[in-house]
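1. sequence isn't available, so here's the structure alone:
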């Protein structure tokens, strides 16, 4: 593995940007990944994985999980001609900041600082599961920074009772792996897909912090995602998105919403069908006005 190291300090709207970049190309043809630290000025410090060149995409992971969930997808998107930014949530990797007494608006402000100081151009927000709540909040609170929003495996406005408990159990590292695996399989993966790929990568404190941030924020604050184009990228076997709710967002917000359904995938979606997800994002992004 060839590595190059660099360090520099930049000034941004939020204050000092500390950038310690470690870029590595693991395989021939792979797109190098930089690690950049952003200081939003709100007590947080956000580590961002950056790779590729082109229009900016900001990828936000599911509750209690980190940027590594997008390793495969980010590489595909970077090779397709995008600059892919993956901010680590507070409490994961080099990202720190208040974990209690926060709302989705605080997390959206973290993303705004990332866009201003790293993307330096309006970005497309791509939020998976819980990450779509933060993506949509950013679109509402900072419309000048967002070109559009992709919600990946977003739950219906009202989804079946009991599913959130399985998410809690998935991140509860005090439980035996066998018990956690049952919840991961049920809540996230379609039948026949191997849920063991998500047995690791959970951060219990982060999951709880994000759960409470969501509860502390009115759904109406973020539900619209703003007024820019929105891609509702659904999984055909997602328990959080019953078939009867397929068009609820388009019915509410009209033609600015595009709906794409990837059959045979569950709520995890990204590890289940990474190429289909990448293709859908690329097709939709290319349809946006400059």
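-> All right, it came through fine. In this text the structure is predicted, and so the values were computed from the model without any measurement.
2. and residue 174, its phi and psi?
-> Residue 174 adopts backbone torsions of phi -80, psi -20, taken as degrees, to the nearest 10.
3. distance check, it against residue 66.
-> Between residue 174 and residue 66 the distance, using C-beta to C-beta, to the nearest Å, works out to 20 Å. For every residue, glycine as well, the C-beta is placed using N, CA and C.
4. what about the two, which has more around it?
-> A side-by-side neighbour count of residue 174 and residue 66, using other C-beta atoms under 10 Å, places residue 66 first with 22 against 6.
5. look up how far residue 282 lies from the nearest residue to residue 31 once chain neighbours are set aside.
-> The shortest distance from residue 31 to any residue that is not its chain neighbour, by C-beta to C-beta, 6 or more residues apart in numbering, is 4.1 Å, and that residue is residue 78. Residue 78 sits 11 Å away from residue 282, going by C-beta to C-beta.
6. for residue 251, same thing?
-> 26 Å.
7. more neighbours: which of these two?
-> In terms of neighbours (other C-beta under 10 Å), residue 282 is the more surrounded of residue 251 and residue 282; the figures are 16 against 10.
8. contacting residues for that one?
-> Residue 282 is in contact with 77, 80, 82, counting by C-beta atoms under 8 Å, 6 or more residues apart in numbering.
9. now swap in residue 223 and tell me
-> Each residue near residue 223 by C-beta under 8 Å, 6+ apart is listed here: 136, 157.
10. pLDDT value on it, please?
-> Predicted confidence (pLDDT) at residue 223: the value is 98.
11. and for residue 160?
-> According to the per-residue confidence, residue 160 scores 88 in pLDDT.
12. how much space between it and residue 272?
-> When C-beta to C-beta is applied, the distance between residue 160 and residue 272 equals 20 Å.
13. the more surrounded of the two?
-> Between residue 160 and residue 272, counted using other C-beta under 10 Å, residue 272 has the larger neighbour count: 24 against 11.
14. on that earlier part again, what residues of the helix or strand the residue nearest to residue 31 falls within count as buried?
-> Per DSSP states H and E, residue 78 falls inside helix 71-79. Of the residues in helix 71-79, those buried under the neighbour-count criterion (16 or more other C-beta atoms under 10 Å) are 73-78.
15. which parts of the stretch 101-250 of the chain are helices?
-> Counting by DSSP state H, counting those that start in this stretch, the stretch 101-250 of the chain has helices at residues 104-114, 130-141, 163-171, 177-188, 204-215, 219-222, 248-253.
16. correct me, but the residue nearest to residue 31 touches residue 55?
-> No - with contact defined as C-beta atoms under 8 Å, residue 78 does not reach residue 55; the gap is 11.4 Å.
17. confirm that residue 40 sits in a strand.
-> No - under DSSP: H, G, I helix; E, B strand; the rest coil, residue 40 falls outside any strand and is assigned coil.
18. in space, what's closest to it - neighbours in sequence excluded?
-> In this structure, residue 40 finds its nearest non-sequential neighbour in residue 113, 3.5 Å apart by C-beta to C-beta, 6+ apart.
19. and that neighbour, how far is that from residue 252?
-> Separation of residue 113 from residue 252 (C-beta to C-beta) stands at 30 Å.
20. neighbour-wise, which of those two wins?
-> Counting neighbours by other C-beta under 10 Å for residue 113 and for residue 252 shows that residue 113 has the greater number, 25 against 11.
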